[in-house]
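Participant: sequence below, structure please.
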Amino acid sequence: MIHVLLQAGGAGDKLDIISLITHAGAVPKAVLGLLALMSMISWYVIGAKWMYLARGYRRSIHFVEKFWDSSLDDMWKEAQEAPPSPVSEVFRAGYLELIKLRKRHAQAQSGAKTDDAGLGDIESIERALSRARTMAITEMENKVPFLATTASAAPFIGLFGTVWGIMNSFRNIGAKGAANLATVAPGIAEALVATAIGLVAAIPAVMGYNYLSRRIRVISSEMETFTNDFLNIIRRRFF
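Facilitator: Sure, this is the predicted structure:
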């Protein structure tokens, strides 16, 4: 009886998390290492993108507020001097296109404008605004898909570790010819560790992805609204 208890105590000492990881085989260690790496990268992306989007949204709101209280020329100076933001980059693209069009008309021999020319000018400004908005959205979405990849792949990677651990448990049973707790417990515990770490990597990733996607949609809506307002102002003043 004492011998059995000592064996159980010794087995229990080997079932703590650190011992399971250090005594795991090459494949389980590779699985756990990959999951840990994915988790660290996910947390880095969440933190970096959270700060980037918060800063971009704050600057964009400040720029829009000043836009309605200033002239286009003043806002151009503001966009040149102030830290960049998604909305200010859209404004810069549209205003640069407007400057080019105004110079082209000023250098033309005839100052008369046809309706077709005005329509073409508006379309070129609209294309410049759309191009800048697309570039800003692409920059905001950079690295965010990695969170979706982690959220979807990490549980399956952990499941692979689980299956591998269960396979080892059955191999130990077959090799020793006995199905007791000391034979089965290490492999099952190792398998559950892989599953747990897979969930630890996946859950923050999916939460971070949903949050960042929502923030990107909010800033994209601000850029779209500003684009429409800017085009309306250009139509009224110059066309």
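Participant: for this structure, longest helix please?
Facilitator: helix 181-238 (DSSP state H).
Participant: which strands and helices lie in contact with it?
Facilitator: Contacts defined by 3 or more C-beta pairs under 8 Å, 6 or more residues apart in numbering; DSSP states H and E place helix 181-238 against helix 2-13, helix 17-22, helix 26-67, helix 86-107, helix 115-141, helix 144-176. For the C-beta atoms, the positions are set from N, CA and C on the backbone; glycine is no exception.
Participant: and with 10 Å instead?
Facilitator: Other elements packing on helix 181-238 under the criterion 3 or more C-beta pairs under 10 Å, 6 or more residues apart in numbering; DSSP states H and E are helix 2-13, helix 17-22, helix 26-67, helix 72-81, helix 86-107, helix 115-141, helix 144-176.
Participant: how close does the nearest residue in space to Glu141 that is not next to it in sequence get to Asp121?
Facilitator: Nearest-residue entry for Glu141: Ile216, 6.2 Å, with adjacent residues in sequence omitted and distances by C-beta to C-beta, 6 or more residues apart in numbering. Counting by C-beta to C-beta, to the nearest Å, the gap from Ile216 to Asp121 is 31 Å.
Participant: Leu72 too?
Facilitator: If you go by C-beta to C-beta, the gap between Leu72 and Asp121 works out to 15 Å.
Participant: residues contacting the residue nearest to Glu141?
Facilitator: Taking C-beta atoms under 10 Å, 6 or more residues apart in numbering, we find Ile216 in contact with Lys49, Leu53, Gly56, Tyr57, Pro86, Ala136, Ile137, Met140, Glu141, Val144.
Participant: top of these by neighbour count?
Facilitator: Pro86 (26 neighbours; other C-beta atoms under 10 Å).
Participant: and that one, what does it touch?
Facilitator: 53, 56-57, 59-60, 63, 132-133, 135-137, 139-140, 216, 219-220, 222-223, 226.
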